[in-house]
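Trainee: give me a model of this one.
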Amino acid sequence: MTHGCSALPRKPCALSAAVTRGRYRATVRLKHKEEEQTATMAALGEKSVREKEKEKNNKQRKEKQKTDESELLTVPDGWKEPQFMKEDNPRGLLEESSFATLFPKYREAYLKECWPLVQKALGEIFINATLDLIEGSITVSTTKKTFDPYAVIRARDLIKLLARSVPFEQAVRILQDDVACDIIKIGTLVRNRERFVKRRQRLIGPKGSTLKALELLTNCYVLVQGNTVSALGPYSGLKEVRKVVLDTMKNIHPIYNIKTLMIKRELANNPDLRTQSWDRFLPNFRHKSLSKRQKPKKKKVKKEYTPFPPPQPESQVDRELASGEFFLRESEKRRRKMKEIKVKQAEALSRKQEERKKAFIPPKEKPAEKKTKKASTEDKLDIQAIKEKVKKAKNKKLGAPPPKPAAPPADGKKKKSRS
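Mentor: As a prediction, the model looks like this:
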């Protein structure tokens, strides 16, 4: 018999089959990897192409926008949006809507006076208004005749302004189409109360000059009341007012913003500069940081350093030993304490008595000064000189007759005849 597998018919070995399967799987994995890589490369290429196309489109849009903005027509001066009339909404509103606001106690008397005027103004736009003095609230609501859906919001702003101490003559302007309002809360912007009061006063200015300048530049009515600032005017002006108020509360003086507003007002009048940037004309104020460190008010003087600890304070027992009280009896100690107390009481009593006696001590009178007789005015005045002056003044008067010369003395013959 021959040993080995050459004599038997050949069959596939298990080891060779496993090897072939492993090789096949490896080739399949490689193919999958290549396919994934090609797919990712294609996707990346598509993405990059898409991004490039988007960038081109954005550039083209921006260029178009630039050209369009230059070609845009300017709004003519004095143009107004057409008023919303009843013909625009003939059927009216479907449901009733209302707003309410509270008002402070000190505002009650003024609201009572101007309430008929408020009702008349709101009645023209078909808004119902009620004043509740018990609860301290004002309510506005729409009616069946109300045709303007924005009228109730204007009425809400009106009652808010009235509650914030805005006078009725100014608050009624909110019912116009081109007027809006803004109530800026400034109470929580500054933590320290003293700083808050100073910055609020800075916004008002000396005798209200800063506030008046702001009103003239923005065409708005501005009222600073308590923890709020109420502004009333056109939308562009309200934006500037809010910026100035918030900057003032952030410790930026309002004069800087007022200066920029004045420059902007002059630039707006120039038609050539309307489409250009104004950054080169506007001032750039920088906040100066102080390099010097703030010095404390009270300077603490440092003691000289000594390596030795301070001496230990004497206890009560040590004091008694030093004075000899420690060896005395308790009865003697009590006597000494009572003596000390009585001495202190006597001193206090004497002080009180002296203070009481001070009220009865008469004040020291000043020594009477002897009045010296003043020299008579007649001695000082020269009467003869005054008479001569009066005579000269009479001679100088216009139309006065000349003074008659003194008559000469009579002859001796006439005297004899008379005698």
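Trainee: pLDDT weak spots in the stretch 201-350 of the chain?
Mentor: For the stretch 201-350 of the chain, the stretches flagged by pLDDT under 70 are 287-293.
Trainee: rerun at 80
Mentor: 274-275, 285-298 (pLDDT under 80).
Trainee: so where do the strands sit in it?
Mentor: 221-225, 228-233 (DSSP state E, counting those that start in this stretch).
Trainee: so which of those is nearest Ala268?
Mentor: Ala268 lies closest to strand 228-233 among the strands of the stretch 201-350 of the chain, at 16.4 Å (C-beta to C-beta). Any C-beta I mention is one placed from the backbone N, CA and C, and that applies to glycine too.
Trainee: next, the angle strand 221-225 makes with the closest one.
Mentor: Relative orientation of strand 228-233 and strand 221-225, computed by axes from the mean of the first three to the mean of the last three C-alpha atoms, to 10 degrees: 170 degrees.
Trainee: out of the strands of the stretch 201-350 of the chain, which one sits most buried?
Mentor: strand 228-233 (a mean of 23; mean count of other C-beta atoms under 10 Å).
Trainee: show me the contact partners of it.
Mentor: 161, 164-166, 170-171, 173-174, 179-187, 203, 218-223, 237-238, 241-242, 245 (C-beta atoms under 8 Å, 6 or more residues apart in numbering).
Trainee: how far off centre is that strand?
Mentor: Relative to the centre of its chain, strand 228-233 is centred 13 Å away, using C-alpha atoms, centre = their mean, to the nearest Å.
Trainee: now render the strands of the stretch 201-350 of the chain as JSON lines, adding distance to Thr27.
Mentor: Below are these laid out as JSON lines (distance: least, C-beta to C-beta, whole Å):
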{"stretch": "strand 221-225", "distance to Thr27": "83"}
{"stretch": "strand 228-233", "distance to Thr27": "80"}
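Trainee: closest one to Ser98 among the ones you listed?
Mentor: strand 228-233 (22.4 Å).
Trainee: can you list the strands that the closest one pairs with?
Mentor: strand 180-185 (antiparallel), strand 221-225 (antiparallel) (DSSP bridges).
Trainee: including distance to Asn192, could those go into a markdown table?
Mentor: Below are these laid out as a markdown table (distance: least, C-beta to C-beta, whole Å):
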| stretch | distance to Asn192 |
| --- | --- |
| strand 180-185 | 17 |
| strand 221-225 | 18 |
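Trainee: for Arg173, grab phi and psi.
Mentor: phi -60, psi -20 (degrees, to the nearest 10).
Trainee: would you confirm that it contacts Val166?
Mentor: No: counting by C-beta atoms under 8 Å, Arg173 sits too far from Val166 to count as a contact (9.9 Å).
Trainee: which parts of the stretch 251-400 of the chain are helices?
Mentor: 254-268, 316-323, 330-358, 377-380, 383-396 (DSSP state H, counting those that start in this stretch).
Trainee: for Leu211, list the residues it contacts.
Mentor: Leu203, Ile204, Gly205, Val222, Val224 are the contacts of Leu211 under C-beta under 8 Å, 6+ apart.
Trainee: most widely separated two among these?
Mentor: Top of the distance list for those (C-beta to C-beta): Gly205 and Val222, 11.4 Å.
Trainee: mind checking the SS state of Ile125?
Mentor: At Ile125 the chain is in coil, as set by DSSP: H, G, I helix; E, B strand; the rest coil.
Trainee: now the nearest residue to it once chain neighbours are set aside: how far from Pro167?
Mentor: Spatially, and ignoring its direct neighbours in sequence, Ile125 is nearest to Ala151 (4.5 Å; C-beta to C-beta, 6 or more residues apart in numbering). Going from Ala151 to Pro167 by C-beta to C-beta, to the nearest Å gives 22 Å.
Trainee: which one's more surrounded, those two?
Mentor: With neighbours defined as other C-beta atoms under 10 Å, Ala151 and Pro167 compare such that Ala151 has more, 20 against 13.
Trainee: report pLDDT for the more buried one.
Mentor: Looking at Ala151, its pLDDT reads 93.
Trainee: what sits against it?
Mentor: Ile125, Phe126, Ile127, Thr142.
Trainee: can you tell me which residue is spatially central in the chain?
Mentor: The chain has Arg200 as the residue nearest its centroid, 3.6 Å off, counting by C-alpha atoms, centre = their mean.
Trainee: please identify which helix or strand holds it.
Mentor: Element membership of Arg200 [criterion: DSSP states H and E] is helix 193-204.
Trainee: same for that helix, what does it pack against?
Mentor: Judged by 3 or more C-beta pairs under 8 Å, 6 or more residues apart in numbering; DSSP states H and E, the packing partners of helix 193-204 are helix 209-218, strand 221-225, helix 235-249.
Trainee: in JSON lines, list the ones you listed along with distance to Arg193.
Mentor: Compiled in JSON lines, the helices and strands packed on helix 193-204 are given as follows (distance: least, C-beta to C-beta, whole Å):
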{"stretch": "helix 209-218", "distance to Arg193": "21"}
{"stretch": "strand 221-225", "distance to Arg193": "16"}
{"stretch": "helix 235-249", "distance to Arg193": "13"}
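Trainee: so Arg154 sits in a helix?
Mentor: Yes: counting by three-state DSSP, Arg154 is found in a helix.
Trainee: I'd guessed it sits against Arg173; true?
Mentor: No: counting by C-beta under 8 Å, Arg154 sits too far from Arg173 to count as a contact (10.3 Å).
Trainee: compare the two and say which one has the larger neighbour count.
Mentor: Arg154 (20 against 17).
Trainee: coming back round to it: of the contacts of Leu211, which is the nearest to Val390?
Mentor: Closest approach to Val390 among those (C-beta to C-beta): Gly205, at 63.1 Å.
Trainee: any idea how far that closest one lies from Gln384?
Mentor: Relative to Gln384, and taking C-beta to C-beta, Gly205 is found at 69 Å.
Trainee: what residues are shared contacts of Arg173 and Val166?
Mentor: With C-beta under 8 Å, 6+ apart as the test, Arg173 and Val166 both reach Tyr221, Leu232.
Trainee: comparing Gly205 and Gln384, which residue is more hemmed in?
Mentor: Gly205 (16 against 8).
Trainee: quick check: phi and psi at the more buried one.
Mentor: According to degrees, to the nearest 10, Gly205 has phi 90, psi 170.
Trainee: leaving out sequence neighbours, find the closest residue to it.
Mentor: Nearest one to Gly205, counting by C-beta to C-beta, 6+ apart, is Leu211 at 6.0 Å.
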